[in-house]
Each structure stands twice: as C-alpha cells, then as structure tokens.
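**Q** structure, please.
(one chain, ligands or ions: 1)
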Amino acid sequence: MSSTQTAASLWQSTNEELKNLFPADVYEMWFSELVCTVETDSKLVLTTNSEFNAIWIENNFLDIITQQARSFAGSALEVKIEVEKTKDAEVVSKSASNDRDASRLTDAGRQSPDLRHDRPVTQTAPTHRTLINPSNTFDNYVVGSGCQLAHAASIAVANAPGRAYNPLFVFGETGLGKTHLMHAVAHQMLANNPKARIAYVSTEKFTNEFIHAIRENKLSKFRQYYRNVDALLVDDIHFLSGKESTQEEFFHTFNDLFESGRQIFLASDRPANEIERLENRLISRFQWGLVTDIQAPDFETRVAILKNKASSMNLKLDDEIMNFLAERVSRNVRRMEGALTRIAGYDNLIDRKLDLNSVERLLSDLLHEEAVSKVTVDQIQKKVSEYYKIRFSELIGRRRTSAIVFPRQVAMYISRTLTSDPLKSIGDAFGGRDHGTVIHACKQVENMMEQDGSVKRGVDYLIKQLSKERS
Ligand SMILES: Nc1ncnc2c1ncn2[C@@H]1O[C@H](COP(=O)(O)OP(=O)(O)OP(=O)(O)O)[C@@H](O)[C@H]1O
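**A** Below you'll find the model as predicted:
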C-alpha cells in the first residue's frame, strides 16, 4: 500500500469527519480551504494561506484534527498546520467570504465611500493622535506564544480596517501589551492611509468627554467626532462597568461605526462576559468579531523583550543578568521595563561594569514583590489534594473516576487563575495533558461554580488559602 494513497484517503476521511463534527459555518470558515500538502504514514501537513488562520487552527482545532486523523490512521501520526505565504489582502478577502463578513462588506461598500467624502475633518483628531506612543509599533513588539494571535489579528485589522475582524476584542492582564498593539494598529493604519481618522481613547477619557459634552451642551459635536472616525480604538473597556449612560452612548457609537464598516478595536483586562454590570447587548456586540487574549510571556519571550528594550536604552547587560531578570521579573512587561530603567539610571552613575550582585541589590524591593506574588502549580496541586483528600499521584494520574476528575479540574482551574503559566505547561504538570483539556476543565469548574454554591465556596476558600501563603 503506498503511503501517499493511505494519507490522501486519510485526509479525506478526516475532513469528512470534521464536516460532521462542526456547524457548517465553522467548518466553512476554518477547514474548507485547508489543503493537505504532505502525506506520509507518520505525518500530515495541512496548509492554509493565512498566518492568522494557521495560528487559530493550531490553537483551537489541532487536537481534534489530530485525534480524528489518528483514529482513521490507527497510528500516532503527527499533524502540522503550515502557512502558504500570501498578502494580508488575501486574508481579508478570505474572511469576507463568510456570510456575515460579506454582508458587512456590502454595508461598508454601500455607505462608507459617501460618508468618507462628506465627513469634515474634525479638529479633535490630532489631539487623539498625539496620544499614540511613537515607539509602540509592530516593529517594536516581540511576538511570543502568549500574544501571537492578538498580534496577527491586529496586523490583519490594521491592513484591512472594518473588513478583517470587527470588532477586535483583546483582553489580558495589565502590562502585557494591549495598548502597545492598539497603538501599533493606529501607526500602521496611518502609514497605509495618512488621512485616516483614528481615535484612540481610554474608556475613562471617553466617559469624561461624554459627561463634559452633556454639561456643556456639546453632545452633537461629541457624537459627530466619535461616530465619524475610520477607526475607534478604546482602551480599558472594562471601565464601562456600571456606567449606564456611557454604555448607552457607546452602544450607539458602536452601532453607527459597525454598520458603516468602520473598525472598532477594544482592549480589556477580562473577557466581555466577565465585565460586571455591562449591558448584555454590549457583551454580545463585543463578541461579534474576533476575541483573543494575551497571556504573560514565557521565559524566552521575556529574554527577547528585555534584549530589545535594553538595546533601545543603549544598555549593555551580560546574558547572565538578562536571564536573571527574565527569571525573576515575570509578571508583566511594564515591570520588566521598570527594572531596566532603574538599571540604566544606575549604570549611568557608576564607572564599572554592572554585575549580577549589584543588580540584585538595586532591584531588591521589586524582586521581593515578584517572589511573594508567585504561587506554583505544584503548591496548588498539593493544597487541592489535601483539601479533597486524594493522593497527589491520583491528582496528576490517569484515573477518570469522578472523585478524582473533579479535584483535578479544580486544580487546573486554580492554576490557570493564580499563575501565569501557559496552558501547555499546566497540562504538562497534570500528567502531560493537552491545553484543550485544561480549557475544558476551567469551563467545567466555572459552570459548576455558577450552579452550585458549595463548589464556589470550596474553590474560593482554596484560592484564599493559596493567596495567603504566597504573601
Ligand atoms: N510583546 C511585547 N513586546 C514589546 N514590548 C511589550 C510587549 N508587551 C508589552 N510591552 C511593553 O510593556 C509596556 C506595557 O504594555 P501596555 O501598556 O501595552 O500594556 P497593557 O496590556 O495595555 O496594560 P494595561 O492593561 O495596564 O493598560 C509597554 O511599554 C509595552 O511597550
């Protein structure tokens, strides 16, 4: 039997199965254009023409594709997703082939050009532009696994505003580069079209301007500005929480922009459905386009970021110091920058070369804060097994009885909540499970916590205990 023949029919069967497993629109969007380019008994390479699709498929569907392919092959073959390089324009026309995007394009095509002609250039535009930090560009953004998708989506949006992914909703903890990406999008849009009207605004500023406009009777001017930009980039959108009138105003701003095909890019510290006291109609709108998170950078990415930042500060540090910083300052990139700025200031004052000891002394308070804020997956596993009275080895083992599966899922959920470890390493710590299993566990626990008060109390108690231990 020729291996090519086996693999070709293998991909066909797998493909058919994916068609059965997923709703038609999901299949159409992610799988219909996958092409099988390498076919052997041990490997299946599937190619797509967009980097974004490749990342998305790899993050979300690789496990299931592999599982299906293996079940047909009867062997542990490996599936790879690769990109056939094309221009972003093609990425856009591809996503526009999906029905919803196509209708958006029609709207944009019908309304946008006229509006663009008629709209006066508002005076306020330059004010907003000056808030865009010149060094927050795509060139200065270090792409690691935790921000790969957000980065690829931002590039797609910058090159095809209103058409690629609208809205783009990026969430993640503080200091992980959400604002940087928004600014980079603004720079890129302006580079593509210097006349583009782009409003970058924090939610706080939007709220204050709105209140001011009401007080000063200038609501129509406020609306004229925000509803006539080509792209609206709103930072810290979670601050809309509880602000009913601002939510109402933002709802209409959103609709106006969306319906006329203008780009909306929102950044938040949490997913839309976790923003308390946010109207449902806004939550659902925020989920219409593409939602993606940014996770804390892994060690290698931290080293790369530190090297970039140090070189932009003209600061030369030994690898030993770089590795030390990447190891010890891992909570957020802003803190890493803070550490470097402090080192650079000190470096300017002394004549001799900086060594590790002086860096450690210089940053002692910051390093202390970092150390106490860390709780490890190992500590979590121990605490959870004690609490549910099961053995540690059972918690990370293969048994699937409910008395063990539940605590295991709780431990995964807490690991995800209290550490910034990537999904993969959390899965690894639980006997080599994949990232999909961790995501599934977190969802299960979240659902159970919602439905059952005693589960919630148990999990909250464990989180409290672990947080106490680390401080
Ligand atoms: N991947 C990265 N590559 C290079 N610089 C980064 C990266 N991520 C973050 N930074 C830098 O870290 C600093 C903090 O990032 P930024 O302000 O974008 O974070 P944020 O997620 O918006 O935080 P917040 O939620 O507090 O507003 C910035 O100076 C930014 O340039």
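**Q** ok now do Leu366, which residues does it touch?
**A** Leu366 sits next to 329, 335, 338-339, 342 when contact means Cβ atoms under 8 Å, 6 or more residues apart in numbering. Yep, even glycine has a C-beta here, placed from its N, CA and C like the rest.
**Q** what is the neighbour count of His368?
**A** Residue neighbour count, defined by other Cβ atoms under 10 Å, stands at 10 for His368.
**Q** can you list the neighbours in contact with stretch 239-254?
**A** Contacts for stretch 239-254 (Cβ under 8 Å, 6+ apart): 167, 202-204, 206-207, 210, 223, 226-227, 232, 234, 264, 275-279, 281-282, 285.
**Q** so for that stretch, what's the average pLDDT?
**A** For stretch 239-254, the mean pLDDT works out to 95.
**Q** dump it to CSV, restricted to CA.
**A** Below are the C-alpha coordinates for stretch 239-254, written out as CSV (Å, rounded to 0.1, in the frame of the first residue of the first chain):
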residue,chain,number,x,y,z
PHE,A,239,-14.2,50.6,32.9
LEU,A,240,-17.6,50.8,31.2
SER,A,241,-18.7,48.6,34.1
GLY,A,242,-21.7,50.2,35.9
LYS,A,243,-21.6,53.4,33.8
GLU,A,244,-25.1,53.1,32.4
SER,A,245,-25.4,56.3,30.4
THR,A,246,-21.9,56.0,28.9
GLN,A,247,-22.8,52.4,28.0
GLU,A,248,-25.9,53.7,26.2
GLU,A,249,-23.9,56.3,24.3
PHE,A,250,-21.2,53.8,23.5
PHE,A,251,-23.8,51.3,22.2
HIS,A,252,-25.0,53.8,19.6
THR,A,253,-21.4,54.8,18.7
PHE,A,254,-20.6,51.2,18.2
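**Q** and it, how far out from the chain middle?
**A** In this view, stretch 239-254 has its centroid 23 Å away from the chain centroid, taken as Cα atoms, centre = their mean, to the nearest Å.
**Q** quick check, Phe171 in a strand?
**A** Yes - the assignment for Phe171 is a strand, going by DSSP: H, G, I helix; E, B strand; the rest coil.
**Q** Pro271 is in contact with that one, correct?
**A** Yes - between Phe171 and Pro271 there is a contact at 5.5 Å, judged by Cβ atoms under 8 Å.
**Q** got any residues that touch both of the two?
**A** Counting by Cβ under 8 Å, 6+ apart, the shared contacts of Phe171 and Pro271 are 291, 293.
**Q** which non-adjacent residue is nearest the closest residue to the ligand within the stretch 201-350 of the chain?
**A** Nearest residue of the stretch 201-350 of the chain to the ligand (Cβ to the nearest ligand atom) works out as Val333 at 3.5 Å. Closest residue to Val333 apart from its sequence neighbours, by Cβ to Cβ, 6 or more residues apart in numbering: Gly175 at 5.4 Å.
**Q** my guess is that neighbour meets Val329, correct?
**A** No - counting by Cβ under 8 Å, Gly175 does not reach Val329; the two are 10.9 Å apart.
**Q** now do the shared contacts for the two.
**A** Residues touching both Gly175 and Val329 (Cβ under 8 Å, 6+ apart): Arg335.
**Q** and these two? Which one has more around it.
**A** Using other Cβ under 10 Å as the criterion, Gly175 and Val329 rank with Val329 on top: 22 against 17.
**Q** I'd say that one and Asp365 touch.
**A** No - proximity of Val329 to Asp365 does not meet the contact threshold set by Cβ under 8 Å, at 12.0 Å.
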